[in-house]
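This is a predicted model, with the sequence first.
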Amino acid sequence: MPLQMRPEQKARSIDDLLVEAEEAEERGDHATAESLYTTAMRADTADPVLPFNLGNVFQAQGRATEAKVAWQIAVARDPAFAEAWYNLALAAEDEKQADLAVAQYRRAVQAQPDYADAQFNLALLLTHLDRCTEALAAWERFLELEPSSKQTGTAQKAIALCRMRIQQERAQAG
């Protein structure tokens, strides 16, 4: 005997699943959100937003490894998904994988050149790594994007620090 849907059940579209999952996520019902995003991902194997959102649910639950896998699926589905690259960069920083984080922040700003948060984090990380020539360019780009943000002071101080370090390196090499 074939399975039949009861009359009160109706098939939900992927859009319906997405809306329900987002609502569950907003109210903190991560188990329901996870289930709905996972179901939607099985039905739509191309949409990058579904695994991205699932990754955010995993991250909210403290499931960092699963979050990274979900975000990697998102960028595999859409290599220009800047927010997924950004989340992967943050995760790499959390794991003290600085070079990987730099590469992923660069992918984020490559995908979305006006992504100021990614540019700021890239510049900050490069400064911490004492890669001042690269950091200087990143800070200057950040200030082009956000000339009057609350991080402008941080950027200006970092630019001054980088210029000083670059001059010191030149003096020592010269």
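On my side now, so go ahead. Residues are numbered from 1 along each chain as shown.

okay, and for the chain, where does confidence drop off?
Along the chain, the parts satisfying pLDDT under 70 run over 1-11.

can you map out the helices along it?
For the chain, applying DSSP state H gives helices covering 14-26, 30-43, 49-60, 64-77, 82-94, 98-111, 116-128, 132-145, 152-173.

For the ones you listed, give me JSON lines that also has mean neighbour count.
Heads up, the C-betas are built off the backbone N, CA and C, glycines and all. Listed next are the helices of the chain as JSON lines, based on neighbours: other Cβ atoms under 10 Å:
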{"stretch": "helix 14-26", "mean neighbour count": "16"}
{"stretch": "helix 30-43", "mean neighbour count": "18"}
{"stretch": "helix 49-60", "mean neighbour count": "22"}
{"stretch": "helix 64-77", "mean neighbour count": "19"}
{"stretch": "helix 82-94", "mean neighbour count": "22"}
{"stretch": "helix 98-111", "mean neighbour count": "20"}
{"stretch": "helix 116-128", "mean neighbour count": "22"}
{"stretch": "helix 132-145", "mean neighbour count": "20"}
{"stretch": "helix 152-173", "mean neighbour count": "14"}
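
residue contacts, residue 126?
102, 132, 134-135, 138 (Cβ atoms under 8 Å, 6 or more residues apart in numbering).

how about the nearest residue to residue 34 once chain neighbours are set aside, what does it touch?
Among residues not flanking residue 34 along the chain, residue 57 sits closest, at 5.2 Å (Cβ to Cβ, 6 or more residues apart in numbering). Residues counted as contacts of residue 57 (Cβ under 8 Å, 6+ apart) are 25, 30, 33-34, 37.

which one of those residues sits closest to residue 163?
Closest to residue 163 out of those is residue 25 (43.9 Å), distances taken as Cβ to Cβ.
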